[in-house]
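Participant: what follows is a predicted protein model with its sequence.
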4 protein chains.
Amino acid sequence: MNFASDNSGPAAPEILEAIISANEGYQNSYGGDSLMEKIKSQLREIFEAPDAAIYLVATGTAANALSLACLCPSWSTIFCHEHSHIQEDECGAPEFFTGGSKLTTVGGKHAKIDPQQLAKAISSTGIIGVHNVQKGALSITNATELGAVYDLDEIIELTSMAKDFDLPVHMDGARFANALVKLGCSPAELSWKTGVDILSFGGTKNGLLGVEAVIIFDPSLAWEFELRRKRGGHLFSKHRFLSAQMKAYLKDDLWLQLAQKANSAAAKLSRELTNQETVKIEHPTDVNMVFPSLPREIHNLAFSKKAAYYLWPPNQSLEGNPKESLKARMVCNWSTTDEEIETFVNLVKSCQV
Amino acid sequence: MNFASDNSGPAAPEILEAIISANEGYQNSYGGDSLMEKIKSQLREIFEAPDAAIYLVATGTAANALSLACLCPSWSTIFCHEHSHIQEDECGAPEFFTGGSKLTTVGGKHAKIDPQQLAKAISSTGIIGVHNVQKGALSITNATELGAVYDLDEIIELTSMAKDFDLPVHMDGARFANALVKLGCSPAELSWKTGVDILSFGGTKNGLLGVEAVIIFDPSLAWEFELRRKRGGHLFSKHRFLSAQMKAYLKDDLWLQLAQKANSAAAKLSRELTNQETVKIEHPTDVNMVFPSLPREIHNLAFSKKAAYYLWPPNQSLEGNPKESLKARMVCNWSTTDEEIETFVNLVKSCQV
Amino acid sequence: MNFASDNSGPAAPEILEAIISANEGYQNSYGGDSLMEKIKSQLREIFEAPDAAIYLVATGTAANALSLACLCPSWSTIFCHEHSHIQEDECGAPEFFTGGSKLTTVGGKHAKIDPQQLAKAISSTGIIGVHNVQKGALSITNATELGAVYDLDEIIELTSMAKDFDLPVHMDGARFANALVKLGCSPAELSWKTGVDILSFGGTKNGLLGVEAVIIFDPSLAWEFELRRKRGGHLFSKHRFLSAQMKAYLKDDLWLQLAQKANSAAAKLSRELTNQETVKIEHPTDVNMVFPSLPREIHNLAFSKKAAYYLWPPNQSLEGNPKESLKARMVCNWSTTDEEIETFVNLVKSCQV
Amino acid sequence: MNFASDNSGPAAPEILEAIISANEGYQNSYGGDSLMEKIKSQLREIFEAPDAAIYLVATGTAANALSLACLCPSWSTIFCHEHSHIQEDECGAPEFFTGGSKLTTVGGKHAKIDPQQLAKAISSTGIIGVHNVQKGALSITNATELGAVYDLDEIIELTSMAKDFDLPVHMDGARFANALVKLGCSPAELSWKTGVDILSFGGTKNGLLGVEAVIIFDPSLAWEFELRRKRGGHLFSKHRFLSAQMKAYLKDDLWLQLAQKANSAAAKLSRELTNQETVKIEHPTDVNMVFPSLPREIHNLAFSKKAAYYLWPPNQSLEGNPKESLKARMVCNWSTTDEEIETFVNLVKSCQV
């Protein structure tokens, strides 16, 4: 009964097998391995982007922060949601890698950037010239940190605003696969065709041990990215083990299957919780995360039964009125079982009487 | 016949098995996994350092640069060898992570810091006060980038100079295990007992997929290290897979056995090459690296037979007088076979006539 | 009729005389001049702070950003008002000098930090540990960028919150003198006695050519400040010319007289504008700035008559309904004449019919 | 008898007069003053560079570091002399402003970069790709920190090497005027015509209170420079007082006259010292600095008579064999009198017996 994070579950067995297979004999280090060439071809094909520059790193924070550093000078600001991962969960990595840029946060439901707020934020930035930080870039997370998915029109609405000011667009795709299977569109449509310049293409939350691809649709940024990656300590000597994971991830659409499994589990959990009188689902369950409000007594019971998940936002107390509702985040992953879900739902039901 | 790098060989089978074992069920992410607690205990015991703070990262550059950033303010300089990895092979990572410190390089044979040069460098730094960058830290690589090992007295000679000026000491131990088996001393003797404050304890070059431990003997720096690691994108969500590698590495002294194998292979290669008239060994073969000078014609023959290794320094040309000697770096790893060595030696012999 | 800024007026004649006097013969450079020693004594006496470290720089941005860099590590955030100078008018200088910290902005009337909003901002920062940027420092501007003054109780309310979390407090005192004459308290009361750790003690906006003192009440930060100042290019070789300005500024309370003149001029302007039917004063005229709303037609008339001041906020258009009100910022300085004020007021009156 | 530095002497009276004149009425702040437009025109004419972007800052360190930051990405290295001001006297300002670039120092007599050493340094940088910091820029100081002047051919020899690798060239012209009057060439010849991309055009050491112009011959860098200047706290609100100094400096070739006076004084001092048996002049007296070796007893006598100058390098002791020679740096400025020189020379003579 673990819904703590898509990071707390295991890697997919196909991924481990690929690592084992990759452990034969010698390979060039630092990305010169033979697997990496294949991955580049595959991702370019999948994304219909024959010129894209493609790199692997091991953490989402590295993927995001290195990408943003290539897009934004240090005297600029990055427009993003107030609940975006780059704002809330990376201990200032974008600021560090850019050399001190700002993040200008905007609101919006379900961690989706509100277009009107974005328009206002962009248009009011840099208006007295050299005294202000300048307009830098737009960063969109899809699926969002609150489990919602932007559809293509919503993305275009935001990226168009950015393009009106010649601002580049970064997409934090830590859960890109989950968003893609939700929407049923093509990877190209969900990225460069709707205005994304650099995509953090997540793997770690979706069954890998720790690999993210950075897909740079404007290859003129490639060399800068390589230098920043090395300088940031993110170029792996035994790179083959990153390549192997990504290769297996792409093979036979494993990445989409894993995301589908996680999404389906969350859908089931969300559906069954919705049927309970005391439960309210706070955000749309578009992907693999469910955000239910539950009475405090249910949380206390669940935690006593070793259920793992987070109160969200985290500053809520388990002590107090047992009937008062507290919000929670429950994340499914490819390995989440029906049994886990049912155990939790039964536990909720047991409190409903 | 691959002597390109200890990074180009495979990981040890025990390590892969450990990763597979670690892939069961759920684990807390971001270093909260149960394996990590055990590793801390083990490393504290191995290093006789019950208070040490211990962290895992995935690259040597991250280990070095994050450690140095905790030791040196941005307005200081790091004393190191002119051929140290931090100076030559990290694309300025120490400068990036420290916020712009300098590296003051000193010479010395076999990439070992010459004590007199160090004394001069330290004593001439910061002598006109605020106008100068200040004395920051000493960084020693053991074993060195040219395959030599500092013995304990040599380390003490250098660290004493640092301590005279209250300078902290970092050790780049990318090949710490190789140095240790060469010297036969204890890990504590090769680190804190001889004045080391933070050790980059390498694993990647010695049979892991990509894990280095950072051992901070002064635990007051721990929290700063954690924040810098996260901010640098080096905190792994699925940290269990780093922990698993390190745990297997320490178990039953695997780390020492792997280093012993690599050292022995290099010793054999060095010994057999020494017997050849046209060969000169440029640096002591203290660990797993051999630096032979060979006639150009041998290099050309070897490369034509798919031997893999680097001319070292790299700016030597394969075109020219066939009898002229060119220097090379040949690195063995735990998996290097006698057959590989013999094939290469025979190839050298075939040119001697 | 120039109310553009306290930066656009002339320096006080006493200041120029002091510069001329200082131009005799030789003086040690880089702050070693004999005048500087006297300034330190004087400021320590004025502030009743015998141990304070005191430095001069030439711009307010330098004073603020260097001070904040001494107080906040790069992985922390600075709590400040959303309209503070450090947030809006320094092109990211605090981010640059700190190495990439954040600024967490809070609202509040008249650019005064709202205590409840501050409490919420502080208490919700850093609550999930290493994933978040940490609580860094509090920065208060007094007088504020909208011309209001915090009284002592208001300051204490804010600094107490900071102290509860061991956060240091910076005061941007670009208009410290103006605030002081408004309140009639002592310099010590308006700084360290109410919890300020470092004060940017402004001079440039109050009659100097370009000098700000940084008063560091905790002298343990002194050496770091000196290094950061030099490294930032803010240590003047011919420092005597900064010292001379500050010395004359302090002599016979010139600094207080200049501020009194500027405040009085603004009070007069504000008072006379208040009497006009079509005018609304948006913020209290506590110091030398008046923020009137005036019908667009008055602005157009005034600008056609060469009045100088800014629409504030700047993104308002001079084209449109002539009766619609637009907000403006009008700043007086020590040299503002009654005549200038009357000319402007008459111009407003001429439109009232 | 003060030869400590060209920073310890007074400003020229014309400069003070200009400041007084500039103190009339209102002026736009932050560089929008009417004087600045005239300066731009004048400097463009003087330098025969109609498109040059021109900015004023108040310190040489600011001029140098901001310029280098516009030329060099953080992952590159700046080639400069081991005794250059940017390496030895700016507390790491270039590293700070560039975001952590390196400085690769080369030797050469009289602080002039040795062409062969430069060729070697450039060609050996960045040769193993992403692992290395990259070639960044060349920085030349003219006149050098040891008082020598590069002639045009010497500059071309160095800048040609840079251009062969597409490296931009910065010139630290803290004593540009002194070099110019020595060579008798045109300002254009001493800058862009011989390959300089950005010039720090010094004024402070040559009679100003504290102003340096940055002349950017490639105007595409202008906006970046402006943002970096503001962000670095180096944009002055009361900019008119910088403009006024520069305007007077340029008027009627005052800048050249001041430099000529300082050079002549040094020539006289050098000439007279050369005639003394116990004195050796260590570097050519091309500009306003003399580097004599004198017996320790003379130094002790001189310092007892209140002579001011520095032992150079500074780590020489005044205690020891009275006949042993110690090196010194003696700097003349526009105000140095014949009497001062003669007093010192007589003092030396008094020890010769």
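Facilitator: Right, received. Where do you want to start?
Participant: quick check: A:A328 touching A:I298?
Facilitator: No - applying C-beta atoms under 8 Å as the test, A:A328 and A:I298 come out as separate, 9.3 Å apart. C-beta coordinates here come from the backbone N, C-alpha and C atoms, glycine included.
Participant: so which bits of the stretch 101-250 of chain A are right by chain D?
Facilitator: A:V130, A:H131, A:Q134, A:E224, A:E226, A:L227, A:R228, A:R229, A:K230, A:R231, A:L235 (C-beta under 8 Å from any C-beta of the partner chain).
Participant: hmm, try it at 7 Å
Facilitator: Selection of the stretch 101-250 of chain A residues close to chain D by C-beta under 7 Å from any C-beta of the partner chain yields A:V130, A:H131, A:Q134, A:E226, A:L227, A:K230, A:R231, A:L235.
Participant: what segments of chain A are helices?
Facilitator: With DSSP state H as the criterion, chain A has helices at A:13-22, A:34-46, A:60-71, A:85-88, A:93-98, A:115-123, A:152-164, A:176-183, A:222-231, A:240-250, A:254-274, A:296-304, A:338-350.
Participant: just to revisit the earlier point, ok, the residues of the stretch 101-250 of chain A next to chain D vs D:P187, which is closest?
Facilitator: Closest approach between these and D:P187, by C-beta to C-beta: A:V130, at 27.5 Å.
Participant: quick check: closest non-adjacent residue to A:S5.
Facilitator: A:V331 (5.3 Å; C-beta to C-beta, 6 or more residues apart in numbering or on different chains).
Participant: picking that back up, just say which of the helices of chain A is most tucked in.
Facilitator: helix A:93-98 (a mean of 30; mean count of other C-beta atoms under 10 Å in any protein chain shown).
Participant: ok, it near chain D or not?
Facilitator: No - judged by C-beta under 7 Å from any C-beta, helix A:93-98 makes no contact with chain D; its nearest approach is 9.3 Å.
Participant: average pLDDT for that helix?
Facilitator: Averaged across helix A:93-98, pLDDT comes to 98.
Participant: near chain C, which residues of the stretch 101-250 of chain A are found?
Facilitator: With C-beta under 7 Å from any C-beta as the criterion, the stretch 101-250 of chain A meets chain C at residues A:K102, A:S124, A:I127, A:I128, A:V130, A:H131, A:N132, A:V133.
Participant: just the buried residues from the residues you listed, in ChimeraX please.
Facilitator: To isolate the buried ones among those in ChimeraX, judged by 16 or more other C-beta atoms under 10 Å in any protein chain shown, type:
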select /A:102,130,131,132,133
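Participant: ok, the residues of the stretch 101-250 of chain A next to chain C vs chain D, which is closest?
Facilitator: Taking C-beta to the nearest C-beta as the measure, chain D lies nearest A:V130 of these, at 4.7 Å.
Participant: contacting residues around that closest one?
Facilitator: The contact partners of A:V130, by C-beta atoms under 7 Å, 6 or more residues apart in numbering or on different chains, come to C:C91, D:E226, D:L227, D:K230, D:L235.
Participant: same check, this time on A:L301
Facilitator: A:L347, A:C351 are the contacts of A:L301 under C-beta under 7 Å, 6+ apart.
Participant: JSON lines for the contacts of A:V130, including distance to B:W255?
Facilitator: Converted to JSON lines, the contacts of A:V130 look like this (distance: C-beta to C-beta, whole Å):
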{"residue": "C:C91", "distance to B:W255": "50"}
{"residue": "D:E226", "distance to B:W255": "55"}
{"residue": "D:L227", "distance to B:W255": "50"}
{"residue": "D:K230", "distance to B:W255": "53"}
{"residue": "D:L235", "distance to B:W255": "56"}
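Participant: export the residues you listed to a markdown table and tack on distance to chain B?
Facilitator: Below are the contacts of A:V130 laid out as a markdown table (distance: C-beta to the nearest C-beta, whole Å):
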| residue | distance to chain B |
| --- | --- |
| C:C91 | 19 |
| D:E226 | 22 |
| D:L227 | 19 |
| D:K230 | 20 |
| D:L235 | 22 |
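Participant: just those residues that are near chain A?
Facilitator: C:C91, D:E226, D:L227, D:K230, D:L235.
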